[in-house]
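1. Fold the following.
(4 chains)
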There are 2 protein chains.
Amino acid sequence: MTDEAGPDLRLVHQLRAITIELNLLGGEFAQRNRLHPTDLRALVCLLDAARAGTPATPGLVGAQLGLNSAGTTALLDRLERLGHVRRVRDTRDRRRVLLAVEERAVALGQAFFGPLISGIVETGQDFSEPELAAVRRFLGAVQGIVAEQRAAAPERPPGTPSPADPTAG
Amino acid sequence: MTDEAGPDLRLVHQLRAITIELNLLGGEFAQRNRLHPTDLRALVCLLDAARAGTPATPGLVGAQLGLNSAGTTALLDRLERLGHVRRVRDTRDRRRVLLAVEERAVALGQAFFGPLISGIVETGQDFSEPELAAVRRFLGAVQGIVAEQRAAAPERPPGTPSPADPTAG
DNA sequence: GCATAGTATCTCGCCCGGCGAGATACTCGC
DNA sequence: GCGAGTATCTCGCCGGGCGAGATACTATGC
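-> Numbers count the residues shown, from 1 in each chain, chains lettered A, B, ... in the order given. Presented below is the predicted three-dimensional model:
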């Protein structure tokens, strides 16, 4: 079984293991803080926007998470109820709602990412510059591959009827 | 904002980007094939078991995905209805159900992972052995960090009431 | 053999996240 | 001001997942 196609799959398996573990970690963390995985993803998204100086709006968040407007409203209701975010009417365009990230959301983000980040940064110190460069180059390539796959057409396995999604995005 | 804590976060961001993209890819792939992300994860799990020669059972799959028995049953119902898996009573211990993976599930798995795997393997050819070793070492370390975080205690952010989960795992 | 405990899976009723459709409130160009 | 366009919210529904309990089986002691 293992002696036929011998390309080196160790990297693939490591990548997969990391992804899986990271997802589980996120899920557990979310649950501990009484929120849905989606809510955590939304927070990440909000924090990113805050750091980038871009004012976050329901529309943006929804788009980034792939939710429709109803789902987005519900998501923000949850986040607001938990005090992670506050809706503020934009005074310039009063159709819009701006999302103000609360302290506690920032704290949550740090509690989640902080240890991971510092762990990874520390790990980096055990590597030489050329090694780090190689890692970055590799990860960049992987990123490209995944993005490419995502862009590539559906390539459905045999025997699957068309899902009838003319609008599929 | 960006000139105060300058540790090199490029690796962190790359890792995060890969994870996010991979999740989105999985989600899209799942949807195209009429299954829930959870179903896809279950398939992966089943295929792993099949390759490892371990007979998969509902209990195992459920445990690995963090579902309770009711959810697991529903999951397998869906998978069986779609023809990805078949339930077979274990003749030795007739309480147990063995999960036989169907051809189409294997095909699905290859359609999903095939391109990713070959892409990554090909990418690996642009790297020298020492470089690859560095990447593996780094990924291994990251794996360790994530696992460690998962094992570590809840470390809740300030102001959060205890979720009252004495059985939390 | 039979009663008891333990285990693997399934059934039932519920909760709640997400969707589609439509309502509402607003801005912009005429 | 009026109609078109846009951002968000409301309503009703679907379906995945949970908790509790039922069911079917194995293992053990008598």
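
2. For DNA strand D, see how far away the residue nearest the centre of chain A is.
-> By C-alpha atoms, centre = their mean, chain A has its centre lying nearest to residue A:41, at 5.5 Å. The gap separating residue A:41 from DNA strand D is 16 Å, by C-beta to the nearest atom of the strand, to the nearest Å. The way it works is simple: take the backbone N, C-alpha and C, and place the C-beta from them, glycine included.

3. got it, and residue A:88?
-> Counting by C-beta to the nearest atom of the strand, the gap from residue A:88 to DNA strand D is 10 Å.

4. Please spell out which residues along the helix or strand hosting the residue nearest to the centre of chain A are buried.
-> Using DSSP states H and E, residue A:41 falls within helix A:37-52. Residues of helix A:37-52 classed as buried: A:38, A:39, A:40, A:41, A:42, A:43, A:44, A:45, A:46, A:47, A:49, A:50 (neighbour count, 16 or more other C-beta atoms under 10 Å in any protein chain shown).

5. Touching, the last one and residue A:56? I think so.
-> It refers to residue A:50. Yes - counting by C-beta atoms under 8 Å, residue A:56 is a contact partner of residue A:50 at 7.0 Å.

6. coming back round to it: quick check: the two most widely separated of the buried residues of helix A:37-52?
-> The largest separation in these, counting by C-beta to C-beta, is between A:38 and A:50 at 18.5 Å.

7. residue boundaries of the helices in chain A?
-> Using DSSP state H, the helices of chain A run over residues A:10-32, A:37-52, A:58-65, A:69-81, A:103-124, A:129-151.

8. need the contact list for the one residue in chain A that gets nearest to DNA strand D.
-> Closest contact between chain A and DNA strand D, by C-beta to the nearest atom of the strand, is at residue A:59 (2.6 Å). The neighbourhood of residue A:59, defined by C-beta atoms under 8 Å, 6 or more residues apart in numbering or on different chains, consists of A:69, A:72.

9. coming back round to it: what residues do residue A:50 and residue A:56 have in common as contacts?
-> Residues touching both residue A:50 and residue A:56 (C-beta under 8 Å, 6+ apart): residue A:101.

10. Show the overlap between the buried residues of helix A:37-52 and what lies near DNA strand C.
-> residue A:38 (C-beta under 7 Å from any atom of the strand).
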